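[1] Here is a sequence together with a model predicted from it:
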Amino acid sequence: MSDKQNEDQKFWETTDHFISQANEQEKTNPGSFQLVGASMMFAAARYNTYLLARANTDRDTFVAKKDEAKEYFLEQFKKMLDDNFADYEANFEQYR
């Protein structure tokens, strides 16, 4: 398996793990799907902010790169959201 294939496999395994955790949260708190979704978005925002802080050694650099990072994260989220909307549109009955 190539490094790219291994990286892709790890990406999907990690994604599946987070979705599984979200599904478990909803099962133990029936009707809380909106709370779980909002919590996952907040966690992703918090973690990605941490990644930017970790990549920069001082506050000034962090602040200077904040807008560029925000644009990148928003662009990536929009692409992912659009891909998932298209996937659900094509497979709605199967996924529901």
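    Done, it's in.

[2] how about the helix or strand hosting Val63: buried residues?
    Val63 belongs to helix 59-90 when assigned by DSSP states H and E. For helix 59-90, a neighbour-count test (16 or more other Cβ atoms under 10 Å) marks 62, 69, 73 as buried. Every residue, glycine included, has its C-beta placed from N, CA and C.

[3] Let me see the contact set for the residue nearest the centre of the chain.
    In the chain, the residue lying closest to the centroid (Cα atoms, centre = their mean) is Ala44, at 5.4 Å. Ala44 makes no contacts at all, as judged by Cβ atoms under 8 Å, 6 or more residues apart in numbering.

[4] What's the mean pLDDT across whichever strand or helix holds it?
    If you go by DSSP H and E, Ala44 is part of helix 33-55. Across helix 33-55, pLDDT averages out at 97.

[5] Could you do stretch 64-80 as well?
    On average, the pLDDT along stretch 64-80 is 98.

[6] Just the residues contacting it, thanks.
    Under the criterion Cβ under 8 Å, 6+ apart, residues 45, 48, 52, 56 lie in contact with stretch 64-80.

[7] so the helix holding Ala44 versus helix 59-90, what angle?
    Helix 33-55 and helix 59-90 meet at an angle of 140 degrees, taking axes from the mean of the first three to the mean of the last three Cα atoms, to 10 degrees as the criterion.

[8] Return the set of buried residues in helix 33-55.
    Neighbour-count burial for helix 33-55 [16+ other Cβ under 10 Å]: 36, 48, 52-53.

[9] who touches stretch 16-24?
    36-37, 40.
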